[in-house]
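Undergrad: Sharing a sequence plus its predicted fold:
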Amino acid sequence: MSIASDLIRGHTETIILANLLNGDSYGYKINKAILKKTDGKYELKEATLYTAFRRLEESGSITSYWGDENSGARRRYYSITPEGRAEYDKLKSEWEKTKLLIDKLLVNGGNIDE
């Protein structure tokens with residue numbers, strides 16, 4: 001069973017920022033980390049990933065630079081900024097509040113009389 005992408009789609013940027021908290025990385029490696037952390041149940045589409053990188057860079061949450069690999073293809077690395085760390089904290093807090101509300105709404109089959 002895979003995770004419904006609609007449930008996660010609005011949190012793509014938060015997921016990317018969370019990955020970058022651990023250090024600079026590139027798209028393929030981030031996507032593989034997401035796949036591993038979800039036991040193969042969720043993977044970002046390449047277009048979604050790079051659109052999110054562009055939005056995060058435009059907002060000042062991340063910066064990017066070209067790596068200088070000696071073998072293989074040149075990779076574009078992404079780094080979280082102080083603004084990105086603050087944005088991550090804000091988005092994670094919003095997620096935690098939302099999760100609590102949804103948990104309350106779903107308990108007992110959503111019965112509001114209890």
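TA: Perfect, I can see it now. Numbering: from 1, shown residues only.
Undergrad: Now do the buried residues in stretch 8-16.
TA: 12-16 (16 or more other C-beta atoms under 10 Å). Heads up, the C-betas are built off the backbone N, CA and C, glycines and all.
Undergrad: Tabulate those (a markdown table), appending pLDDT.
TA: Shown next, in a markdown table, are the buried residues of stretch 8-16 (pLDDT from 0 to 100):
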| residue | pLDDT |
| --- | --- |
| 12 | 94 |
| 13 | 96 |
| 14 | 96 |
| 15 | 96 |
| 16 | 97 |
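Undergrad: can you map out the strands along this protein?
TA: For the chain, strands defined by DSSP state E occupy the ranges 25-26, 62-66, 76-80.
Undergrad: Switch those over to TSV; also include mean neighbour count.
TA: TSV is the format used below for those (neighbours: other C-beta atoms under 10 Å):
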stretch	mean neighbour count
strand 25-26	18
strand 62-66	15
strand 76-80	18
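Undergrad: Poorly predicted segments of the chain, please.
TA: By pLDDT under 70, the low-scoring segments of the chain are 1-4, 110-114.
Undergrad: can you pull the buried residues of the longest helix belonging to it?
TA: Looking across the chain with DSSP state H, the single longest helix is helix 82-106. Under the neighbour-count criterion of 16+ other C-beta under 10 Å, helix 82-106 has 84, 87-88, 91 buried.
Undergrad: Of the residues you listed, which is the nearest to residue 64?
TA: Nearest to residue 64 among those is residue 84, at 11.8 Å by C-beta to C-beta.
Undergrad: Quick check: the closest residue to residue 18 other than its chain neighbours vs residue 46, distance?
TA: Computed as C-beta to C-beta, 6 or more residues apart in numbering, the closest residue to residue 18 that is not its neighbour in sequence is residue 88, at 6.5 Å. Per C-beta to C-beta, to the nearest Å, residue 88 is found 22 Å from residue 46.
Undergrad: now do residue 32
TA: Noted for residue 32: a distance of 12 Å to residue 46, by C-beta to C-beta.
Undergrad: cool, and residue 60?
TA: Where residue 46 is concerned, residue 60 sits at a distance of 24 Å (C-beta to C-beta).
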